[in-house]
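Chemist: predicted structure and sequence below. I'll ask about it afterward.
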Amino acid sequence: MKITFPVEETVKKRYSVRNYQDQAIESDKLKAIEVFIASLENPFGPNIKFHTLDIKTGPNTQKLGTYGVIKGASHYIGTTITPEPLALEALGYEFEALVLYLADLGLGTCWLGGTFDRQSFSNAMQIEAGEIFPIITPVGYAADHKHFKEKAMRKLIKADQRKEWPQLFFNNDFQSPLTAAAAGDLAFALEMVRLGPSASNKQPWRIVLIDGNCHFYEAKEPGYSKAFSYDIQRVDLGIAAAHFDFAMKERKIDGHFITSAQPEIDLPKHMEYVFSWIRA
């Protein structure tokens, strides 16, 4: 997978679009999206399946529902995984790569994890039994105006706000906030993580810098994933990994992700180690 879009510009350009124009996506863009999806990969290993749907031409699309959250969209892309370690993180990584690619093409998207009718979309996308179907997104051109429910949702989750560095990034332990100056050449990648999207804008990622390596943790929200059979915040950790990785590759700083480098440090309540990025 080759990332050709400018990371900072595209991360800042992307936002959740819930109201779409009645405008067809050009055939050359649809082909480019198909090619990009085929190229997707992740550093965690699990295979991610992508499913595309045009509700104007696809079968079984009469009763698709997003509970009024999405207006006017004709195209959707969904993802499925099989239950295995790091599958949700792998999904978050690849799906965010696609979302940023679509933003670079001038197309709007919106991560949907809980506000879509899974059964109807499963039928329309022909999801196989036994697959986990966590995420879909509409794809299309943003309408000129946001509808009322879109404005209300963005205000409710404070969509345009992000936690500050002292809440997210730490130096050697969870008692010592990390500054951009102390982060050095990692500061750009960490800032791209900070700007990332997350379910309900909860930003559950926490990163501890120790000896030049970054250790990623999940600040678990008790009860948040009870409506699912999986921890949906692990998808957010995959998004964080994608932003970090793309930024590091753009700056030509080598490293890799592993899951066996958990530091021996005291953890706050509800904090859970997920993976580490180790400098080459």
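Modeler: It's in. Here the structure is a predicted model, which means the values were calculated and not measured.

Chemist: next structured bit after the helix or strand of the chain with the lowest mean pLDDT?
Modeler: Sorting the helices and strands of the chain by mean pLDDT, DSSP states H and E puts helix 148-156 at the bottom, at a mean of 67. Using DSSP states H and E, the next helix or strand after helix 148-156 towards the C-terminus is helix 165-168.

Chemist: buried sites along that next one?
Modeler: The neighbour-count check on helix 165-168 (16 or more other CB atoms under 10 Å) flags 165, 168 as buried. To be clear about C-beta, it is placed using only N, CA and C from the backbone, and glycine gets the same treatment.

Chemist: and it, how far out from the chain's middle?
Modeler: 19 Å (CA atoms, centre = their mean, to the nearest Å).

Chemist: contacting residues around it?
Modeler: Here helix 165-168 makes contact (CB atoms under 8 Å, 6 or more residues apart in numbering) with 177-180, 190, 193-194, 203, 205-207.

Chemist: and these, which of them are buried?
Modeler: Neighbour counting by 16+ other CB under 10 Å classes 178, 190, 193-194, 203, 205-207 among the contacts of helix 165-168 as buried.

Chemist: how is the chain partitioned into domains?
Modeler: Structural domains assigned to the chain are 7-153, 165-279, following automatic domain parsing.

Chemist: how about low-confidence regions in the stretch 51-200 of the chain?
Modeler: 58-63, 148-150, 153-156, 158-159 (pLDDT under 70).

Chemist: all strands for the stretch 101-250 of the chain, in order.
Modeler: 108-109, 132-140, 169-171, 205-210, 213-219 (DSSP state E, counting those that start in this stretch).

Chemist: circling back: from the buried ones among the contacts of helix 165-168, which two are the most distant?
Modeler: The two members of these with the most space between them (CB to CB) are Leu178 and Gln203, at 15.4 Å.
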